[in-house]
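Visitor: with the sequence up front, the predicted model follows.
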Amino acid sequence: MAGEDLGRLLGGMLGGDEGKANLLGSLLDSLGGSTAGSGNPLDGLLAALGEGGLGHQAHSWVGAGANEPIDGAQLAEALPPDTLQEVAQQAGLSPDEAADQLAQVLPQAVDKLTPGGQLPQDTSMEDLIRSHTP
């Protein structure tokens with residue numbers, strides 16, 4: 001599933017904010033590859049954030065309890081530069097703008113996509129998003 005298609009699904013889950021949803025869809029697609037079958041692009045996102053120094057914050061989004069916030073500068077530093085540049089370009093934003101918008105939506109999105117405080121293993125990203133969309 002392409003990032004744009006993933007963004008459409010995420011838009012409903014995130015209360016209709018299509019711009020941020022498309023940005024998040026592009027990021028997940030870029031870091032996680034295919035979402036078909038049992039693939040879960042959250043693995044790639046969480047690995048990148050962990051390697052970039054945001055593992056503690058990302059873990060808070062997956063686990064039970066409060067979601068720790070991040071800001072755009074932290075996210076920009078944690079993500080591979082080429083990834084953020086590509087995602088920003090697709091959205092028609094600067095990398096800083098893209099990082100700021102992603103930092104606002106990531107904690108909520110990851111929290112919703114990790115029911116029970118764990119990464120889903122046997123559920124496709126499409127099915128997971130649809131189960132959290134009103």
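Guide: Structure's in. What do you need?
Visitor: when you work out contacts or count neighbours from here on, use the C-alpha atoms and nothing else.
Guide: Will do.
Visitor: what segments of this structure are strands?
Guide: Under the criterion DSSP state E, the chain carries no strands.
Visitor: where does it have low pLDDT?
Guide: 1-18, 32-40, 120-134 (pLDDT under 70).
Visitor: contacts for the longest helix along it next, please.
Guide: The residue-count maximum for a helix in the chain (DSSP state H) belongs to helix 95-112. With Cα atoms under 8 Å, 6 or more residues apart in numbering as the test, helix 95-112 has contacts from 13-14, 20, 23-24, 42, 58, 61-63, 67-73, 75-76, 84-85, 87-89, 91, 117, 132.
Visitor: mind redoing it with 6 Å?
Guide: By Cα atoms under 6 Å, 6 or more residues apart in numbering, the surrounding residues in contact with helix 95-112 are 61-62, 70-72, 76, 85, 88.
Visitor: give me the buried positions along that helix.
Guide: Neighbour-count burial for helix 95-112, counted by 16 or more other Cα atoms under 10 Å, picks out 95-103, 105-112.
Visitor: and what of stretch 84-91?
Guide: 84-85, 87-88, 91.
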